[in-house]
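J.: fold the stuff below for me.
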Amino acid sequence: MKVRLYIEGGGDSRSLHIKCREGFRKLLERAGFQNRMPSTRACGSRNAAYDDFKTALRTAAAGDYPVLLVESEAPVNLPRSPWHHLQSRDGWERPAGADDDQAQLMVQCMETWCPADRNALREFFGSHLRENALPSLDNLETRAKGTVQEALANATRDCGQHRGYEKGRRSFELLGQLDPAELKTHLPHFVRLCQMLESRL
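T.: I've put the predicted structure just below:
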């Protein structure tokens, strides 16, 4: 089976789409999928990712398994289906033929994955990282998107010009250095993503 991830991220920039795919590829390789990698497509906005996913689902060849991967933008409670969340928050209907595993969520945003790995943050940002500004590791997925993004900015503001946290190129570079084992410890929806890949690849 060929898993194809349609990912929210990269904005409208072709160069950022490349960086987004690189970040996710490196993270998934580190998660143990290096010899059976899913294909990844950075779609830009969440609406674009949903539209691209629906098109891929309609036109999928035999053996293709398209998967939508977007930020939840709000709390999500397992084992509730991500499709219920996306319908209530975004008004997105589950496309005909899509199963539960074909909707995957970054809860509440991609940035939530970053503070889950403190060692990667220390290595990436250096000695000026202010760890006490980072959100607690307990129940990370309950932290609001704005809270997490602000915490990362505050924690790295002393790291020097163009060396602090920035959404875009820097965020995707950091993504590729995260340890999946640390993410699995603190992020139930990252565990769910890896379980889907294990079962489908």
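J.: alpha carbons only for contacts and neighbour counts from here, please
T.: Will do.
J.: give me the nearest residue to Y165, chain neighbours excluded.
T.: A153 (5.6 Å; C-alpha to C-alpha, 6 or more residues apart in numbering).
J.: just how off-centre is the least confident helix or strand in the chain by mean pLDDT within its chain?
T.: Lowest by mean pLDDT, DSSP states H and E among the helices and strands of the chain is helix 169-175, with a mean of 92. How far helix 169-175 lies from its chain's middle: 12 Å, per C-alpha atoms, centre = their mean, to the nearest Å.
J.: just the CA atoms of it, as PDB, please.
T.: Written as PDB, here are the backbone C-alpha positions of helix 169-175 (Å, rounded to 0.1, in the frame of the first residue of the first chain):
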ATOM      1  CA  ARG A 169      12.000  27.500   7.400                       C
ATOM      2  CA  ARG A 170      13.200  27.400  11.100                       C
ATOM      3  CA  SER A 171      10.200  25.500  12.300                       C
ATOM      4  CA  PHE A 172      10.600  22.800   9.600                       C
ATOM      5  CA  GLU A 173      14.300  22.500  10.300                       C
ATOM      6  CA  LEU A 174      13.500  21.900  13.900                       C
ATOM      7  CA  LEU A 175      10.800  19.400  13.000                       C
END
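J.: use 27 as the first number from now on
T.: In the new count, where the first residue is 27, that last one comes out as helix 195-201.
J.: so how far is R120 from M222?
T.: To R120, M222 is 18 Å away according to C-alpha to C-alpha, to the nearest Å.
J.: show me the strands in the protein, by range?
T.: All strands of the chain, identified by DSSP state E, fall at 28-33, 65-68, 90-97, 129-132.
J.: can I get those strands in TSV including distance to P214 and mean pLDDT?
T.: Formatted as TSV, the strands of the chain follow (distance: least, C-alpha to C-alpha, whole Å; pLDDT from 0 to 100):
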stretch	distance to P214	mean pLDDT
strand 28-33	18	98
strand 65-68	21	97
strand 90-97	14	98
strand 129-132	10	98
